[in-house]
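> this is a predicted model, with the sequence first.
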Number of protein chains: 2
Amino acid sequence: MLTDRQRLILSAIINDYIDSNEPVGSRSISKHEKIGLSAATIRNEMSDLEAMGFLEQPHTSAGRIPSQKGYRYFVDHLIERGRLSSHELNVLHSLFSQKIDETEKVMQQVAFMMSHLTNYTTIALGGEIKNTTIKHIQFVPIQDNKAVAIIVTNTGHVENKIVTIPPQLPIGELEKMVNVLNHKLKDTPLTQLKEKLMQEVRMEMAKHVARYEELFIVLQQLFTPDQDHKVYLSGTTNMLDQPEFTKDLTQVKKIMNIFEDNQAVTRLFSSVNHGIQVHIGEENKLTEINNCSLITATYAIDDETMGVIGILGPTRMNYGKVLNLLDYISNDFQKVIKGH
Amino acid sequence: MLTDRQRLILSAIINDYIDSNEPVGSRSISKHEKIGLSAATIRNEMSDLEAMGFLEQPHTSAGRIPSQKGYRYFVDHLIERGRLSSHELNVLHSLFSQKIDETEKVMQQVAFMMSHLTNYTTIALGGEIKNTTIKHIQFVPIQDNKAVAIIVTNTGHVENKIVTIPPQLPIGELEKMVNVLNHKLKDTPLTQLKEKLMQEVRMEMAKHVARYEELFIVLQQLFTPDQDHKVYLSGTTNMLDQPEFTKDLTQVKKIMNIFEDNQAVTRLFSSVNHGIQVHIGEENKLTEINNCSLITATYAIDDETMGVIGILGPTRMNYGKVLNLLDYISNDFQKVIKGH
DNA sequence: TTTAGCACTCGACTTTAATGAGTGCTAACG
DNA sequence: CGTTAGCACTCATTAAAGTCGAGTGCTAAA
């Protein structure tokens, strides 16, 4: 579809634009080492590339900028993956050597480092429920009729929720229920939880526990998935450094408001697939970020998909750099969690 | 120190400036209903007020703006507290009627509403440890040598942390330790925790638990206060609506970066006293917000101080409105937590 | 003590002109 | 036939000059 020369030129234009955020002119391209052509020739090619939809012209007498289609082609075919710089490697290794135990802290740290290495906003989603199993369930009474329900998963995550206990419940019934729960639900994947609860647990409770219907209602409350993903953010203000956003603050506001809204963030990530993915401009779910690109990477521990890291920047973002970093993090993430 | 007339004029100027964000001129003040004076007279008074340090002049031929001292005097002596508007009351009542159980959710909700009612940024700090006591301690093993330590407080808050268990610890020793802990630490205020741990618990463990030194190290890790306050934010982007900040984005960046840094936030709130407090401009701990004002209110449940809500805006913020709202929330906060 | 009048200041805004990077097109060149 | 030099034209950006008006300080009169 494109000649080698056109690919070379397109690539040069996009790379230049990513650096400068200014329409790229024919003359500056013709000066590139690898291209031994005059500005006039470049102009002809540019004109063709524009006709094919890879480039756009902000106004008649300006240079060209990449179109969404241009970026897509660039990401899919032209991008050249480099090595990480020694600085990047140092930062990442310092991260890996930290042996942080709590997943929360790790997430926060990873997000922090990514945003600092890229100068884009990093969004990390934790706690994918796939393959997580229940390790332990417990109720701790805290007031007359309230108790904290605590659920521990095999990943060491602790979920807790305050529940109301039916009044005048005979002492011991709660304990019986907990026994049933632990017996029946231990090692149950969260995905099968609901199902198992409604069937096995219900039956077992009917056998052993007095007033089980009331208690069962409590359980249903407890296990209904109110949990949005936990969102870890870092570098949100990096948005303010991008000249394309600084010009229109209302847009930055809209974008940053997304960060405060867990639901919106979850929606944004709802179509993320396994591995590394690039969502360019209007390919994104939320119109607010239709001139941003979001690069997502799922990460896993012991081959269990755990969550997603996303890097959000302008469509004119440094795809190569971000992809390299995410590749690295994504592959070696378990090392961090497990402490090298 | 100030005549009644001067107070009236100062008040009028500040109120005008809060609305308009523009230097206030003598003519506009002389038009005020309550002031039956000509612009020339106002000018003389303004000149005096400036000499006394309550007003400033951006440049020779401009109106006056309040100085920090002016705001301080305004807040301390001139501010008139009004009633909440019916809209505000509605919003707050809808909040109170929600019966949300989890403190986390409540905090988030309160922050959300405050930021929407004020159009300033709201920062809520949860989990003041004063008067919180320990209700239950437990260890749940999750891998060979790891366990989740869970601490439940009387407020229903659950703290959890992953700890490493000494290798080849005889089964049962962990349990023994937990028994000791629960026995000795139950109902201990968090403030006395460290002390009690080092003395009573240590002794008791020495008696009953094998290899207690190793386990004790684990405990020390567990109870060291790594816990920054949990920070709930809402309306961070409201900063971008304030014209004084829009002009200098680097400043907004600095401010918003604080929000991402738990430590900085905690420092910012470190000097907060009981009740409602106004921190104007340079009175604030962090230089980044030296042209902001922070209004803080401690809130309590059952007379136990729980945490702080802070509203952050430009020094030219609507003190009256915010104070009214915080007063209300602060007094009736328990209702929300307890579900009316 | 208050006020009207007046000259003066100075930021904000508008207008105009100059600049220059970039294009498209045409004609010549190898 | 692809490539390139030349040239007229476009148009955003920047700078300079000029206008406007809100506001002040001071003086003198009520």
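Okay, I see it.

> low pLDDT regions in chain A?
Within chain A, the stretches falling below the threshold (pLDDT under 70) are A:99-102, A:127-131, A:225-228, A:301-305, A:333-340.

> for it, longest helix please?
With DSSP state H applied, the helix covering the greatest number of residues in chain A is identified as helix A:319-338.

> kindly export that one (C-alpha atoms) in CSV.
Taking C-alpha atoms only, helix A:319-338 is exported to CSV below (Å, rounded to 0.1, in the frame of the first residue of the first chain):
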residue,chain,number,x,y,z
TYR,A,319,4.6,5.5,21.7
GLY,A,320,8.0,3.8,21.4
LYS,A,321,9.2,4.8,24.8
VAL,A,322,6.0,3.9,26.6
LEU,A,323,5.7,0.6,24.8
ASN,A,324,9.2,-0.3,25.8
LEU,A,325,8.7,0.5,29.4
LEU,A,326,5.4,-1.3,29.6
ASP,A,327,6.8,-4.3,28.0
TYR,A,328,9.5,-4.4,30.6
ILE,A,329,7.2,-3.8,33.5
SER,A,330,4.6,-6.2,32.2
ASN,A,331,7.0,-9.0,31.8
ASP,A,332,8.9,-8.5,35.0
PHE,A,333,6.1,-7.4,37.2
GLN,A,334,6.0,-10.6,39.2
LYS,A,335,9.6,-10.0,40.3
VAL,A,336,8.5,-6.8,42.0
ILE,A,337,5.6,-8.4,43.8
LYS,A,338,7.6,-11.3,44.9
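
> and it, does that touch chain B?
No - between helix A:319-338 and chain B, judged by Cβ under 8 Å from any Cβ of the partner chain, nothing touches; the nearest distance is 10.0 Å. Heads up, the C-betas are built off the backbone N, CA and C, glycines and all.

> distance between that helix and the chain's centre?
Centroid displacement of helix A:319-338 relative to its chain, using Cα atoms, centre = their mean, to the nearest Å, is 13 Å.

> is any residue of stretch A:26-34 near DNA strand D?
No - Stretch A:26-34 is not in contact with DNA strand D by Cβ under 7 Å from any atom of the strand; minimum separation 7.7 Å.

> how long is that stretch from one end to the other?
From the first residue to the last, stretch A:26-34 extends over 14 Å; the measure is Cα to Cα, to the nearest Å.

> who's in contact with stretch A:61-70?
Contacts of stretch A:61-70 with the rest of the structure, by Cβ atoms under 8 Å, 6 or more residues apart in numbering or on different chains, involve A:10, A:13-14, A:17, A:22-26, A:28, A:46, A:49-50, A:53-58, A:74, A:280-283, A:315-316.

> and that stretch, how far out from the chain's middle?
Averaging C-alpha coordinates over stretch A:61-70 and over its chain gives two centres that are 28 Å apart (Cα atoms, centre = their mean).

> tell me the buried residues in it?
A:Gly63, A:Arg64, A:Ile65, A:Pro66, A:Ser67, A:Gln68, A:Gly70 (16 or more other Cβ atoms under 10 Å in any protein chain shown).

> how about stretch A:83-95?
Buried residues in stretch A:83-95, counted by 16+ other Cβ under 10 Å: A:Leu84, A:Glu88, A:Val91, A:Leu92, A:Leu95.

> how far is that stretch from where the chain is centred?
Between the mean C-alpha point of stretch A:83-95 and the mean C-alpha point of its chain there is a distance of 21 Å (Cα atoms, centre = their mean).

> one more: stretch A:291-309?
Stretch A:291-309 has its C-alpha centroid displaced from the chain centroid by 5 Å (Cα atoms, centre = their mean).

> stretch A:144-155 too?
Mean C-alpha position of stretch A:144-155 versus that of the full chain (Cα atoms, centre = their mean) differs by 28 Å.

> how about residues contacting that stretch?
Applying Cβ under 8 Å, 6+ apart, the contact partners of stretch A:144-155 are A:103, A:132-142, A:158-167, A:174, A:187, A:190, A:222, A:301, A:306, B:101, B:140, B:142, B:148, B:150, B:152, B:156, B:158.

> just the buried subset of the residues you listed, written out for PyMOL, thanks.
Applying 16+ other Cβ under 10 Å to the contacts of stretch A:144-155 leaves a buried subset, and the PyMOL line that selects it is:
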select buried, (chain A and resi 103+132+133+134+135+136+137+138+139+140+142+158+159+160+161+162+163+165+174+190+222+301+306) or (chain B and resi 101+140+142+148+150+152+156+158)
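
> return the subset of the contacts of stretch A:144-155 lying in helices.
Cross-referencing these with the helices (criterion: DSSP H) gives A:Thr103, A:Leu174, A:Leu222 as the overlap.

> give the contact list for the last one.
A:Leu222 makes contact with A:Ala149, A:Lys161, A:Val163, according to Cβ under 8 Å, 6+ apart.

> show me the contacts for A:Ser37.
Slight slip there: residue A:37 is Leu, not Ser. Contact analysis of A:Leu37 by Cβ under 8 Å, 6+ apart lists A:Arg5, A:Ser30.

> residue of the stretch 1-150 of chain A closest to DNA strand D, please.
Shortest the stretch 1-150 of chain A-to-DNA strand D distance, computed as Cβ to the nearest atom of the strand: residue-wise this is A:Ser61, at 2.4 Å.

> next, work out how far apart that residue and A:Pro23 are.
A:Ser61 sits 10 Å away from A:Pro23, going by Cβ to Cβ, to the nearest Å.

> next one: A:Lys194
A:Lys194 sits 55 Å away from A:Pro23 when distances are taken as Cβ to Cβ.

> next one: A:Ala12
Distance of A:Ala12 to A:Pro23, computed by Cβ to Cβ: 14 Å.

> these two - which one has more neighbours?
When neighbours are counted by other Cβ atoms under 10 Å in any protein chain shown, A:Ala12 comes out ahead of the other of A:Ala12 and A:Pro23, with 21 against 18.
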